[in-house]
Structures are given as structure tokens and as C-alpha cells.
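Asks: Here is a sequence with its predicted model. Questions after.
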Amino acid sequence: MLWDVSLQKTYLSKQHQFELDVSFQSNAARLVLFGPSGAGKTQILKMLSGLTTPDHGHIRFNNVTLFDESLGICTTPQERALAYVFQEYALFPHLTVMQNIAFPLSKSWFNPRPQVSHPDVENWLDQFELRALAHQYPHQLSGGQSQRVALARALVMRPQAILLDEPFSALDESLRQSLRQALSQVQAQLNIPMILISHNPDDVASFGDEIIEIAQGHVLAHQP
Amino acid sequence: MDEAWIALRLTLKVAGLATLINLFLGIGVAYVFARKNFWGKDVMDAVLTLPMVMPPTVLGYYLLVLIGRNGPIGAFLQNHFNINLIFTWQAAVIAAAIVSFPLVFKAARAAFESLESQYEQAARVLGISEFAIFFRVTLPLAWRGILSGLLLSFARSSGEFGATLMVAGSIPSQTQTLSIAVYEAVQAGQDDVANFLVLLTSVVCISVLLVSGKLMPGRVIESR
């Protein structure tokens, strides 16, 4: 089984309480978590990547346990090696496009130098047509360019799977279509499992090998 | 006028070392306060900010009680290492470091707290260790705020008077810093010496403020 997930967590704030209780199993290489904003989709993705810890439940990926509350297993995000593309891309503002993409390749205390050269970085610069922007800073990029840099940075670490949080929501419609195509191509080429969350039915149509509909922290429907 | 230059050198040495101490201590403590929650945090925050609001002479008195020959720290150093701090330039460094600590602590804490958490989270899922994240992401994004705090701390240290006089005294060419030398010159009716010292001090302070103004946050190019 590719994904075997059961997550329970209670979020408490002064105003209200939010219960997240989601379980699913899936073998789909392209899984879409679909639902309105505020349904808890991002929280699910953060738990899968290890950025937040569920109160109860388990996360197994490719039959490897990443988290199991009853067994006391909780691997760190670093150990999970699941790439996460943030909704706002989270490109490091103090690093160039090239340095951003090369960021995960060095685990040392120092950032890659501006003149960094690595075959994988070169490859993604070419594939995502970022060559001309290699020495620009994130604030100089358009939304579509930022998104491709974020994707390249995620893929350069050769992750086991890729998690995408509303990857097209910040882009206009014409860009969305071409970037959907680019993402689809890369996913097929690398044959890398992918979970994408979206509230846009067009994303579901493009990537929904399997669709899990989420509403108010619960699974509403699971369409294989 | 030779004494004036000696006093300037001593002042720069004391202020430089005090700022160096706060570089490590202030940033370290500020990071813990910005990222961790622990019992008694508010009380500790108040205690650490105290040097900013308390009269320097009161602070000097506390210090005298602690590191004086009969104080707990002073007696320990005397008995085990045969070190006496009172009326040495090292005591002036300690006094200056304590008086200016809140300036670095407050600035660094604000800089860390205003950072968007997504950058550190992105680095985490890209497989970078927590320690490396601090040096590669957190510190570079917060450094402007921290640096302006360090410069203010340097300025405050070089102008320190009350606490320094209590613990280090006013020994010419040993513990007599610029601000103390000004006081002594006026007391002795040496107006020409006083004039020169005051001018020297003003030049140092204006230089520090000019540099610090250039580095104030707000001039940072914000990322999208």
C-alpha cells in the first residue's frame, strides 16, 4: 500500500475548536485531496510531511511507518524525505533562484554559493526554463516562475513523494493550464507519487487518479 | 591629551567586548524566547529587560554585591582562581554587557518573531538539520534587526557611566573610560580636556547611530 493514513488531531483556539479525523488508504500515484478552504487539507499535508504531529493515528508510506502514536514512532520531516511545495512557495528571499534550487543538496551550515554548479540543478534549470533567471532573487520573479523554482527545489532532493499545497491557486487561468501540463509531465517522467490539495475542480480533472473529498476535517467521499 | 586617546581606546575595547558577549548571549537567549514556551517565561523576560529601565547605579550595586570580594561569584573566583574583578577593566566589560544586553535581546527577539515560519518549515522538509537551518535561514533573514540592536548596544556600552563607576572605578588609563574621564575633567576644572573628550565622544556616537540607521529593518527588500 502506497499511503495508509489515519490522523486525529484537535485544534483549540479561543474562538472555536476544530476536530480533524481523517483516514484513507490509497495506491494512486496521483491523489487529490479536494475540498473548500478551511476543511483541514493543509493540516493533513503538514502532518504527512512531519511539520505537525497528530494527536493519534498512523502514517505509513510504501509500507514504512513514518508515524505511529501507539508505537511511539515519529520520524522528523528531515527523515521522511517527502517534498512539500508550499502554497506561497516559500522561496528563500535571501538566495538566488540557483541557490534556492541547490539548497537541499548541501546539508552543511552554509548555503550554496551563488556560482553553485551541480548536474541536477542544471537539469532542472533547463527543464523548467529557468536558465535566464538563475541569478535573480525571488522578489523579482512572477508567480509562475516562483512556482517552477519551488517545484525544482523540491525535486532536486529526489524525494520519495511530492506533496503540493494548492500549487496553482496564486496563478491566473492561462498560466494554470500550462503549469498543470508541466507538473503532469514531470510526475509521469519521474514516476513519483504525488498528493495534491486543491479546491479547484479543474485540478481534480487533471490530476485526480483518485479523489478524496474533505469537508470540516472529515473524509466526505473517496472516489477511486 | 594622551590620556584622551587612551580613554578612547579603553572605551572601544570595553564596548567591543561587551557587544561581542551580547552577540552570543543576546542572540542565543532571544532565539530561545522567540521559539520555545516554558514556565516562567514572562518573569524571566522582565528580569532580562530590567537593565534597560533600572538606574545604572542600582545595577552597579547589584553587580558589586555579586562579584565583589564577599559576593557569591566574587568569592568563588577569588578562592578557586585567585581572580579579583572589582576595579579592573574586565568589570567594566561585565557592567557594559549587562546594561546593554536588553538592546540586543529585544531587537533579536523581535527579528526572530517577525520571521514567517514557512521559511524554516521549507528548510525542514528539504532535509536540513535544525542547527543548519538557524545559520542558513533564520539568521540571514533576521540579521538586519539583530545588527541594529548590536550597534545600539555598542553605543550604549561606550557611554556607560553609573554601573561602570561602581564596579570598575575611575583609574586613569586602566578603567577610566571616555564618559568617566569627562566627569573627572569637569570635576577638576580642566575645561579644555573636557571639551576635547566631549567632542570625541560625540563623533563616536554619531558614527554608530548613522551606521545603525542604515541597517534598521524596513529597508529590507520584502519578498513576495
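Replies: Yep, it's here.
Asks: ok, residue A:11 touching residue A:38?
Replies: No. Taking contacts as C-beta atoms under 8 Å, residue A:11 lies outside contact range of residue A:38: 11.4 Å. C-beta here means a position set from N, CA and C on the backbone, and glycine is covered the same way.
Asks: pLDDT score for residue B:74?
Replies: Note on residue B:74: pLDDT of 88.
Asks: burial of it, as a residue count?
Replies: Per other C-beta atoms under 10 Å in any protein chain shown, the neighbour tally for residue B:74 reads 21.
Asks: neighbours of residue 115, just the number please.
Replies: By default, I'm working from chain A. 9.
Asks: other chain: chain B
Replies: With other C-beta under 10 Å as criterion, residue B:115 counts 15.
Asks: Could you list which residues are in contact with residue 120?
Replies: Let's take chain A. A:105, A:156, A:158 (C-beta atoms under 8 Å, 6 or more residues apart in numbering or on different chains).
Asks: Wait, chain B was what I had in mind.
Replies: B:133, B:137-138.
Asks: In what element of secondary structure is it found?
Replies: Using DSSP states H and E, residue B:120 sits in helix B:117-125.
Asks: which strands and helices sit next to the helix or strand containing residue A:222?
Replies: Secondary structure from DSSP H and E places residue A:222 in strand A:218-223. On a contact count with 3 or more C-beta pairs under 8 Å, 6 or more residues apart in numbering or on different chains; DSSP states H and E, strand A:218-223 meets strand A:17-26, strand A:210-215.
Asks: measure the residue lying closest to residue A:202 once chain neighbours are set aside to chain B for me?
Replies: In space, and not counting its chain neighbours, residue A:202 is closest to residue A:176: 7.2 Å by C-beta to C-beta, 6 or more residues apart in numbering or on different chains. Going from residue A:176 to chain B by C-beta to the nearest C-beta, to the nearest Å gives 18 Å.
Asks: you'd agree residue A:176 is up against residue A:205?
Replies: No. Look at residue A:176 against residue A:205 with C-beta under 8 Å: they stay out of range, at 11.8 Å.
Asks: Neighbour count: those two, which is higher?
Replies: residue A:176 (20 against 11).
Asks: So what does the more buried one look like in phi/psi?
Replies: Per-residue torsions, residue A:176: phi -50, psi -50 (degrees, to the nearest 10).
Asks: got the contact list for residue A:150?
Replies: A:85-86, A:89-91.
Asks: Quick check: which element contains it?
Replies: Assigned by DSSP H and E, residue A:150 falls in helix A:143-155.
Asks: what's the angle from the very next helix or strand once past that helix to helix B:117-125?
Replies: Downstream of helix A:143-155, the next assigned helix or strand under DSSP H and E is strand A:161-165. For strand A:161-165 against helix B:117-125, the angle by axes from the mean of the first three to the mean of the last three C-alpha atoms, to 10 degrees is 170 degrees.
Asks: picking up where we left off before, quick one: which of the contacts of residue B:120 is nearest to residue B:194?
Replies: residue B:138 (45.8 Å; C-beta to C-beta).
Asks: On the three-state scheme, the closest one is what?
Replies: helix (DSSP: H, G, I helix; E, B strand; the rest coil).
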